[in-house]
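Novice: Show me the folded form of this:
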Amino acid sequence: MTASMRARRLVASAAAAGLLAGGAAFGMSGTATAAPAPTSVSTVVAGDHHDRHDRCEWKKGHWEKKWVKGHWEKKWTHHKTWHKGHHDKHGNWHKGYWSHDRQLTWVYVPAHWDHHWVKGHWVCHHR
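Specialist: Residues are numbered from 1 along each chain as shown. A predicted model of the protein is given here:
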């Protein structure tokens, strides 16, 4: 891509120099007629087969719907357990209580549609 940009700059600077030299020649001759721009310069710049920038399009970042296959994954699971009240060895009563346990366990997640963020990117079509 850098080589093609250098080539384009070289052609453009040569064309500009040619136009300036031609304009100076017209100014020296004393005639004030306007000369049309040469068409060969525009065909060289547009006909550069290495330049694909005119075929590229910027796609903004967006949410995309994707199908996710079924898979196993570790998830936090929450277990609530009731512990009954009891008398200890001294005869004191301890009332029952709930304990909340969390742990990582392997869980099967069935296939589903999910939304994923796609960053902005260039899409170039090679026609």
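Novice: can you list the weak-confidence ranges in this structure?
Specialist: Low-confidence segments of the chain (pLDDT under 70): 1-3, 16-54, 127.
Novice: And the strands in it?
Specialist: Ranges of strands in the chain, per DSSP state E, are 56-59, 62-68, 71-83, 86-87, 93-94, 97-109, 112-118, 121-124.
Novice: Mind putting these into CSV with distance to residue 10 and mean neighbour count?
Specialist: To be clear about C-beta, it is placed using only N, CA and C from the backbone, and glycine gets the same treatment. Formatted as CSV, the strands of the chain follow (distance: least, C-beta to C-beta, whole Å; neighbours: other C-beta atoms under 10 Å):
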stretch, distance to residue 10, mean neighbour count
strand 56-59, 23, 10
strand 62-68, 39, 10
strand 71-83, 55, 9
strand 86-87, 92, 10
strand 93-94, 91, 10
strand 97-109, 58, 9
strand 112-118, 38, 10
strand 121-124, 24, 10
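Novice: Tell me which of the ones you listed sits nearest to residue 9.
Specialist: The minimum distance between residue 9 and the strands of the chain falls on strand 56-59, with 19.3 Å, by C-beta to C-beta.
Novice: For that closest one, give me every contacting residue.
Specialist: Strand 56-59 is contacted from outside by 118, 120-125, using C-beta atoms under 8 Å, 6 or more residues apart in numbering.
Novice: Residue 86: which of those residues is nearest?
Specialist: So of these, ranked by how close each gets to residue 86 (C-beta to C-beta), first place is residue 118, at 57.9 Å.
Novice: Grab the nearest non-local neighbour of that closest one.
Specialist: residue 64 (4.9 Å; C-beta to C-beta, 6 or more residues apart in numbering).
Novice: residue contacts, the one you found?
Specialist: 115-118.
Novice: Residue 70 too?
Specialist: Contacts of residue 70 by C-beta under 8 Å, 6+ apart are 108-111.
Novice: Compute the first-to-last residue distance for stretch 81-93.
Specialist: Its start and end residues considered, stretch 81-93 measures 19 Å (C-alpha to C-alpha, to the nearest Å).
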